[in-house]
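1. requesting a structural model of the entry that follows:
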Amino acid sequence: MRQSIFWRLLEDILSLGDFIAAVPNDGASANIVGHLRLGLDGSESVIEKEVCHCHIHLKPSEIAAFSFSYLDVGFGDEPCVEFLSADRQPVVKLYYRGGDAPRQFRKLVKRDAEYQDFIAGSW
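-> Numbers count the residues shown, from 1 in each chain. Predicted structure coming up:
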């Protein structure tokens, strides 16, 4: 995915409300909870939490799509946006903590209709 498209879509996704950002792997998971936004770490763009120095570095060239779905992590189905690699593996997961996820998803899809090739699934 081109960097300009990646950052545009990510900014629009983050504007939907609060999230739990999870960076999963086989041995551990790091989570950042709350209102997230785009920020800078030096000259590098990152996802950051507003009130701390917590942030996630991203490589847009390694992200092929944003996949919207519901995942159950032990508390019932939760709306989630997975950043998928080219081989469809999750790189980052954003669990949505706001209300009316289906309505928020429809607003996002309408606003970013020109980027539908990079948005999969639905809430």
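2. residue contacts, residue 5?
-> Counting by CB atoms under 8 Å, 6 or more residues apart in numbering, residue 5 makes contact with 115, 118. For every residue, glycine as well, the C-beta is placed using N, CA and C.
3. if I look at it, how far off is residue 33?
-> 27 Å (CB to CB, to the nearest Å).
4. residue 104 now?
-> Between residue 104 and residue 33 the computed distance is 18 Å (CB to CB).
5. what does residue 52 give?
-> Residue 52 is 11 Å from residue 33, where distance means CB to CB.
6. between the two, which is the more surrounded one?
-> Neighbours per residue, other CB atoms under 10 Å: of residue 52 and residue 33, the larger number sits with residue 33, 14 against 9.
7. ramachandran angles for the residue lying closest to that one once chain neighbours are set aside?
-> Here the nearest residue to residue 33 in space, its sequence neighbours aside, is residue 20; by CB to CB, 6 or more residues apart in numbering that works out to 4.9 Å. Main-chain torsions, residue 20, degrees, to the nearest 10: phi -110, psi 120.
8. residues near residue 20, how many?
-> Neighbourhood size, residue 20 [other CB under 10 Å]: 17.
9. for beta bridges, what are the partners of it?
-> In this structure, residue 20 bridges to residue 33, residue 95 when assessed by DSSP bridges.
10. residues in contact with it?
-> Contacts of residue 20 (CB under 8 Å, 6+ apart): 31, 32, 33, 94, 95, 97.
11. so which helix or strand takes in the first one?
-> Take DSSP states H and E as the rule and residue 31 turns out to sit in strand 29-34.
12. show me which positions of that strand end up buried.
-> Buried residues in strand 29-34, counted by 16 or more other CB atoms under 10 Å: residue 32.
13. and the following helix or strand past it, which strands flank it?
-> Sequence order places strand 36-41 as the next helix or strand after strand 29-34, per DSSP H and E. Strand 36-41 pairs in its sheet with strand 44-49 (antiparallel), by DSSP bridges.
14. and the strand it pairs with, how far from the chain's centre?
-> Distance of strand 44-49 from the chain centroid (CA atoms, centre = their mean, to the nearest Å) equals 12 Å.
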